[in-house]
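**Q** Predicted coordinates and the sequence they were generated for:
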Amino acid sequence: MRIVTFFILFIQLYCFGQDTLFYNRLTAKRVGESIERPYKSRVTGAMDTVYLKHGKWLSFDSTGNILLEVNYKANKRKEIVRKNGLEIFYEPKTGDTLLIRNYKNGYVMEQLAMKSAILKVENTIYHIYKDFGSYTVAEYRYSYSGSVDFTTIWKSSLEDPNDILRDTNYLKLEERTGDPTLIQAASFSTKAEYNHVTNPEFEKHPQAYFSIMSFTNHISDWSAASISPDLYLSRSGALSGNSFVGIRVFSLRKDIEYIQNKLRQPLKKDSIYCFSTYLKLSAGSRYATNAFGFLLSQEKQNINTDQLLKIKPSKILNTQILNYKTKWMKVQCTYKAKGGEQYLTLGSFQNHKELQLIEVPGESPESYYYVDDVSLVPISKEEDCACNFSDNRKEAITMVDTPIYDSPYKKLTIGEKLILDNIHFDNDKSQLLAESFTTLYEVLVFLQKNKNVQVEISGHTSSLGGYTRNQVLSQRRAGAVKKFLTNNGIKEDRIQIEGYGPDFLIASDDTEEGQKENRRVEFKILKL
């Protein structure tokens, strides 16, 4: 093994634009280990030595600040060098970590962004930007012709669960409205002798060296039952140990997430078990909800969030709104086994009629919860396990169709319109509010069940404000409804949107009530 130092003469340039770092121009010295390999020229026959990078390499700027750490793995026989292990980008002036990437034989397995920045390394640009408390990494590459090609986009979240502790106004609100019964201790700990949940505190994660957004097989005995649940490594954020998981249980924009565990052994028929876990609402969530439940099943679950949920859970939370952001909340209940259950799935199983939401201070229009300390322990007496779940244990765990109800959309003919009641937006905004969920869900069910129907969604405003501004706003609001529907599996070509602004008033704009009636979203059948 040989230590090699390269000195590079470049003019130091920290910024081309705001938060832009040109690593090639900044680098003055590279230090690292190499493997020597004798080399014979095929042309001249002369012997020479090839140095293959192997192990850790560090790049420094002209003042000695570390810029980049990269780990390599060399193959002497093939004379190939690949990135293998961590690659870490640093901000040269402050030393802050900007981006961590984990490679395996040249392929990126995970990455974690920690600060907004634009990084340029050789012919690649990494654009890191924040979106609703999460970081997105967009990767671009320059071709030899000078054009820029979009390569990948990677979503990662780095919300600090303890950020909310600095918000004194929120702390007072939580103290005033929180339910203290939620923060009582569970009846049994994760270390109970017969806890059937494997890796109950998420501490075994041999494939994860740092927090991973959208984990797959990184946590031993846990897997994603849908796309994109997240793993957090934070000693201060976890309830126990160093690890916990994050799942989204309500959103009008993003996917709902589920996790599942392979139990230590199948459950015994007619035996009673005490299930418990702890949840905490994320600091950025704008809504607290009762949208949590669990499913015990013989088969592994693979939940398609692009379709209507047809799985009936073992239990759903129906008596509590989980509204604490600073304290871990216990959810617990008994379960009578049918026999042979060997998978535990956690997530939201509520339909739109059971869903309850309350607004809390937060930026992101969703309900996202941290999960830690899961247990499932056999008990002899039900009194040993106080319950705050709905008791559905007498009902079989089956795939059930969405309940049939008298849909007002079924009676419409081509060209007929219907005002979508209870579609709500913030003033002068086009972002859907959670109160809109029930109506949106009814429209979704109708379009799912009538696959040939094509519709128009139109936005309307009052005459207050500028005409052009109102037209744009009404178009965006109609677009927000379409986006909800397409995000949930409806094809885009089945939905047309229009923004009519104040062109079609249905009430006088001289009164506040009339203005409210004019601000509406309409649904029209185009094709049956």
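**A** Looks like it arrived, so ask away. Numbering: from 1, shown residues only.
**Q** distance of residue 443 from residue 477?
**A** For residue 443, the distance to residue 477 equals 14 Å [CB to CB, to the nearest Å]. For every residue, glycine as well, the C-beta is placed using N, CA and C.
**Q** Show me which of these two is the more surrounded one.
**A** residue 477 (26 against 23; other CB atoms under 10 Å).
**Q** The more buried one is in what secondary structure piece?
**A** helix 467-487 (DSSP states H and E).
**Q** Same check on residue 333?
**A** strand 329-336.
**Q** Direction included, what does that strand pair up with?
**A** strand 272-281 (antiparallel) (DSSP bridges).
**Q** Could I get the CA-only coordinates of the partner strand as CSV?
**A** Taking C-alpha atoms only, strand 272-281 is exported to CSV below (Å, rounded to 0.1, in the frame of the first residue of the first chain):
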residue,chain,number,x,y,z
ILE,A,272,-54.5,-13.4,23.5
TYR,A,273,-51.6,-11.0,22.7
CYS,A,274,-50.9,-7.4,23.8
PHE,A,275,-49.7,-5.2,20.9
SER,A,276,-48.1,-1.8,21.6
THR,A,277,-45.9,0.7,19.9
TYR,A,278,-44.9,4.4,20.3
LEU,A,279,-45.6,7.2,17.8
LYS,A,280,-44.6,10.8,17.7
LEU,A,281,-45.9,13.4,15.2
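**Q** what's the next secondary structure element after it?
**A** For strand 272-281, the succeeding helix or strand toward the C-terminus, using DSSP H and E, is strand 287-289.
**Q** Quick check, pLDDT for residue 318.
**A** We have a pLDDT of 69 for residue 318.
**Q** returning to that earlier point: in the helix holding residue 477, what's buried?
**A** 470-485, 487 (16 or more other CB atoms under 10 Å).
**Q** chain center to the helix or strand following that helix, what's the gap?
**A** For helix 467-487, the following helix or strand on the C-terminal side (DSSP H and E) is strand 495-501. Relative to its chain's centre, strand 495-501 lies at 30 Å (CA atoms, centre = their mean, to the nearest Å).
**Q** Kindly indicate whether residue 522 is helix, strand or coil.
**A** Assigned by DSSP: H, G, I helix; E, B strand; the rest coil, the conformation of residue 522 is strand.
**Q** if we can go back for a sec, what lies in contact with the helix holding residue 477?
**A** The contact list for helix 467-487, computed with CB atoms under 8 Å, 6 or more residues apart in numbering, reads 252-254, 420, 423, 425, 428, 430-432, 440, 443-444, 447, 457-463, 492, 495, 497-502, 521.
**Q** Please work out the average pLDDT along it.
**A** For helix 467-487, the per-residue pLDDT averages 89.
**Q** who does residue 288 bridge with?
**A** Where residue 288 sits in a bridge, its partners, by DSSP bridges, are residue 358.
**Q** Count the neighbours of it for me.
**A** 24.
**Q** For the remainder of this discussion, apply numbering that starts at 27.
**A** Understood, numbering begins at 27; the last thing we discussed is residue 314.
**Q** Model confidence for it, exactly?
**A** pLDDT at residue 314 comes out at 90.
**Q** Please apply the same query to residue 280.
**A** For residue 280, the pLDDT comes out at 66.
**Q** Likewise for residue 550?
**A** For residue 550, the model assigns a pLDDT of 92.
**Q** contacting residues for it?
**A** Applying CB under 8 Å, 6+ apart, the residues near residue 550 are 441, 442, 443, 444, 481, 482, 484.
**Q** do that again at 7 Å, thanks
**A** Counting by CB atoms under 7 Å, 6 or more residues apart in numbering, residue 550 touches 441, 442, 443, 481, 482, 484.
**Q** For the last one, which three-state class applies?
**A** Right, the one you point to is residue 484. strand.
**Q** That one contacts residue 527, correct?
**A** No - if you go by CB atoms under 7 Å, residue 484 and residue 527 don't touch, sitting 10.3 Å apart.
**Q** rewinding a little: just the buried ones among the contacts of helix 493-513, please.
**A** 278, 280, 446, 449, 451, 456, 458, 466, 469-470, 473, 483-488, 521, 523-528, 547.
**Q** which regions of the chain sit below the pLDDT cut-off?
**A** 27-45, 156-160, 168-187, 279-280, 331-335, 344-345, 377-380, 415-433 (pLDDT under 70).
**Q** can you give me the helices for it?
**A** 49-52, 194-203, 463-475, 493-513, 538-544 (DSSP state H).
**Q** Just give me the neighbour total for residue 131.
**A** For residue 131, using other CB under 10 Å, the count is 11.
**Q** same question, residue 86
**A** Other residues close to residue 86 by other CB under 10 Å number 20.
**Q** With residue 478 instead?
**A** 7.
**Q** Now it: phi and psi?
**A** phi -100, psi -10 (degrees, to the nearest 10).
**Q** again, but for residue 215
**A** Torsion angles, degrees, to the nearest 10, at residue 215: phi -90, psi 170.
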